[in-house]
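J.: Prediction below, plus the sequence it came from.
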There are 2 protein chains.
Amino acid sequence: MGITKSQIFTKQQNDLAQFFKVLGHPARVAILQYISEQNSCICNDLVEEIGLAQATISQHLKELKSIGLLKGEIEGKSMCYCINIDRWNDIQNHLNSFFNNTKQNCC
Amino acid sequence: MGITKSQIFTKQQNDLAQFFKVLGHPARVAILQYISEQNSCICNDLVEEIGLAQATISQHLKELKSIGLLKGEIEGKSMCYCINIDRWNDIQNHLNSFFNNTKQNCC
DNA sequence: ATTATATATTGCAATATTACGATAATAGAG
DNA sequence: CTCTATTATCGTAATATTGCAATATATAAT
């Protein structure tokens, strides 16, 4: 045991949970906030700013990319990671639909 | 290692990540949706509906309670778990603030 | 070509999460 | 009180996540 039984849930439930899960780590919240505050957003800045090892930051960036929230462009010898605004709005809308549809029948 | 370094993040970041994390499992998404669709919402229904063991459902309910999303009332010999609508709206607002404040500077 | 800089990947240890059987606790029915 | 039904908790196994050092990869500068 220990494995999440994804197969007993709908794709919508699994996708929704996946979005929430990726956002469910303070480092990834902090990364998104920091990128949003900066004009440049290379990974090395994040390492200094956030205080986790470079390998760890790189791993968190990979997870944010996995749901399409970040896009990275090579810029000289560093990377420019930026928020994918279309995907950002798309996910926000999904989450709001879930919140709005799931608040009936309170006792 | 393996422990999340909560101490290097702000309370706001940790709280936000905690909300996302609790919602980041398909069983908990499914539980919330099911409770919202029913008039009664006792745990035993959930076990049959969702298809996880009773102990597992109970554990997921506990996590949803931990962020205040559910309130449970004893009703006869069973429990009536319901969505705490004030908390629900409160958390939705928090998440939307995060989304709205964190979408600047896209390249 | 060599060196320096920036990011990604690999491998591993520590911790957390998921799931379930067994058992405890609680409340109503008889 | 005893039995049954419902939910919570405990203990444990399996899997996932977090974090980092070491290493690989890639590009720019010299």
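T.: Arrived safely. Small disclaimer: the values here were computed from a predicted structure and weren't measured.

J.: who in chain A is up against DNA strand D?
T.: Counting by Cβ under 7 Å from any atom of the strand, the residues of chain A lying close to DNA strand D are A:1-4, A:21, A:24-25, A:27, A:52-56, A:59-60, A:63, A:74, A:76-77. Glycine gets a C-beta too; all of them are placed from N, C-alpha and C.

J.: Got a quick ChimeraX command for the buried subset of the residues you listed?
T.: In ChimeraX syntax, the buried subset of the residues of chain A next to DNA strand D is picked out as below (16 or more other Cβ atoms under 10 Å in any protein chain shown):
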select /A:21,24,25,27,52,60,63
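
J.: what subset of the residues of chain A next to DNA strand D is also close to chain B?
T.: A:4, A:21, A:24-25, A:27, A:52 (Cβ under 8 Å from any Cβ of the partner chain).

J.: Let me know the helix or strand that the residue nearest the centre of chain A is in.
T.: Nearest to the geometric centre of chain A sits residue A:64, at 3.8 Å (Cα atoms, centre = their mean). Element membership of residue A:64 [criterion: DSSP states H and E] is helix A:54-66.

J.: chain center to the helix or strand encompassing residue A:86: distance?
T.: Following DSSP H and E, one finds residue A:86 within helix A:85-101. Distance of helix A:85-101 from the chain centroid (Cα atoms, centre = their mean, to the nearest Å) equals 13 Å.

J.: Contacts only, for residue A:93.
T.: Counting by Cβ atoms under 8 Å, 6 or more residues apart in numbering or on different chains, residue A:93 makes contact with nothing.

J.: Quick check: the gap between it and DNA strand D.
T.: 24 Å (Cβ to the nearest atom of the strand, to the nearest Å).

J.: Tell me the pLDDT of that residue.
T.: Looking at residue A:93, its pLDDT is 96.

J.: Got phi/psi on residue A:69?
T.: phi -70, psi -30 (degrees, to the nearest 10).

J.: right, and it touches residue A:29 too?
T.: No. The criterion here is Cβ atoms under 8 Å, and residue A:69 misses it with residue A:29 at 11.5 Å.

J.: Sounds good, over and out.
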